[in-house]
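Participant: Structure here, sequence nowhere to be found:
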């Protein structure tokens with residue numbers, strides 16, 4: 001790779017790290033071209049891009065970023081490294097695709113090296129896939145909280161209205177009895 005291509009590649013890696021909500025670092029070694037093609041297609045369907053990166057260039061890209069949050073990745077930058085990235089928050093979808101691929105192909109590849117999603121880091125291999133499968137986006141959590149609050153508020157309003165209806169009916173009964181007398 002000549003110097004100009006390295007600069008272009010480095011610039012692209014800096015852009016990937018700086019402009020995406022979700023970044024997976026995986027090892028796809030020992031997968032054949034057909035398996036990689038299947039994975040790439042599955043990721044593409046969910047707006048997840050896949051890129052093979054040289055570890056030395058990835059380290060340089062991390063060093064170039066002013067925000068040092070990706071320094072945590074240094075310890076896992078060895079061997080084959082493929083980056084999965086998206087500007088959408090699709091961490092659990094990415095994990096589902098990988099997990100389904102493991103089951104269908106009876107393999108542990110792609111091996112999960114590390115993940116940056118929901119402003120958090122996950123390390124430790126394929127065991128973290130289960131954690132990431134259940135990872136909910138902030139939007140999902142807010143929606144769940146609002147639903148819970150909505151039902152609580154409805155219960156409160158309902159009890160107030162029922163109580164008020166009871167009081168009104170008692171008041172009408174008293175008024176009607178007074179009117180009859």
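Facilitator: On my side now, so go ahead. Note that the structure is predicted; figures quoted are calculated from it, not measured.
Participant: Run through the residues that contact the most centrally placed residue in the chain.
Facilitator: What sits nearest the mean C-alpha location of the chain, by CA atoms, centre = their mean, is residue 91, with 2.9 Å. Neighbouring residues of residue 91 by CB atoms under 8 Å, 6 or more residues apart in numbering: 22, 24, 115, 117-118, 132, 135, 137. Glycine gets a C-beta too; all of them are placed from N, C-alpha and C.
Participant: now do 6 Å
Facilitator: By CB atoms under 6 Å, 6 or more residues apart in numbering, the residues touching residue 91 are 22, 117, 132, 135.
Participant: The first one pairs with what?
Facilitator: Going back to what we said before, that points to residue 22. residue 86 (DSSP bridges).
Participant: thinking again about what came up before, can I get the contacts of residue 91 in a markdown table with pLDDT, neighbour count and secondary structure?
Facilitator: Below are the contacts of residue 91 laid out as a markdown table (pLDDT from 0 to 100; neighbours: other CB atoms under 10 Å; DSSP: H, G, I helix; E, B strand; the rest coil):
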| residue | pLDDT | neighbour count | secondary structure |
| --- | --- | --- | --- |
| 22 | 91 | 22 | strand |
| 117 | 86 | 22 | strand |
| 132 | 80 | 22 | helix |
| 135 | 72 | 19 | coil |
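Participant: Out of the residues you listed, which is nearest to residue 87?
Facilitator: For residue 87, the nearest member of the contacts of residue 91 is residue 22. The distance, counting by CB to CB, is 8.1 Å.
Participant: Looks like the closest one contacts residue 119 (just checking).
Facilitator: No. Contact criterion CB atoms under 6 Å: residue 22 and residue 119 do not qualify, at 10.4 Å.
Participant: Give me the residues contacting stretch 30-48.
Facilitator: Outside stretch 30-48, the residues that touch it by CB under 6 Å, 6+ apart are 50, 84, 86, 88, 90, 93-94, 97, 109.
Participant: and those residues, which two are the farthest apart?
Facilitator: Taking CB to CB, no two of these sit farther apart than 88 and 109, at 24.4 Å.
Participant: Compare these two (neighbour count), which wins?
Facilitator: Remark: of residue 88 and residue 109, residue 109 carries more neighbours, 20 against 14, as counted by other CB atoms under 10 Å.
Participant: Which of the three states applies to the more buried one?
Facilitator: On the three-state scheme (DSSP: H, G, I helix; E, B strand; the rest coil), residue 109 is labelled coil.
Participant: Just give the nearest non-adjacent residue to it, would you?
Facilitator: residue 31 (5.2 Å; CB to CB, 6 or more residues apart in numbering).
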